[in-house]
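**Student:** Let me see the structure of the following:
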Amino acid sequence: MTDDERTTRGWPGGYRDPGRFGWSGETMLVGILQVRLDLPGVRSLKEKRSIVRRLLSRVKEHFEISAAEVAHMDLWNTSGLGFAMVGNEAGPLQSRLREVVSFIEREHLGAVADYRVEVIA
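**Tutor:** Okay, here's the model as predicted:
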């Protein structure tokens, strides 16, 4: 398979012709949220994973966002969580991701030690 076939595969008219779908001039942005969560009092990985699984499930359900534990997976008292959301304006994406941080804080399953919001084109 050539590079051109790989790029255009599955797209009528090819991926390199976004105007055909009315996308020319439109912007797709990806909002990324990274959260470091402290979990004081957790005494095992099993307990930590239960808390993280519950929290991620609640966030996904409430915000319709992609979410996963992405760092500190073998530490008992810390978790690195990653979230991603797609949109066409940076402001609303950043605002929505900050709402996720507030939601996590209100759940009282752990303490948000640090977070970072980034929007990429």
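**Student:** Dig out what the spatially most central residue of the chain forms beta bridges with.
**Tutor:** In the chain, the centroid-proximal residue (C-alpha atoms, centre = their mean) is residue 83; its distance is 1.6 Å. With DSSP bridges as the criterion, residue 83 is bridged to residue 33, residue 67.
**Student:** Assess the claim that it and residue 60 are in contact.
**Tutor:** No. Assessed by C-beta atoms under 8 Å, residue 83 is found out of contact with residue 60, at 9.0 Å. C-beta: built from backbone N, CA, C; applies to glycine.
**Student:** who touches both of those two?
**Tutor:** Taking C-beta atoms under 8 Å, 6 or more residues apart in numbering as the contact rule, residue 83 and residue 60 both touch 66-67.
**Student:** and residue 62, how many neighbours?
**Tutor:** 12 (other C-beta atoms under 10 Å).
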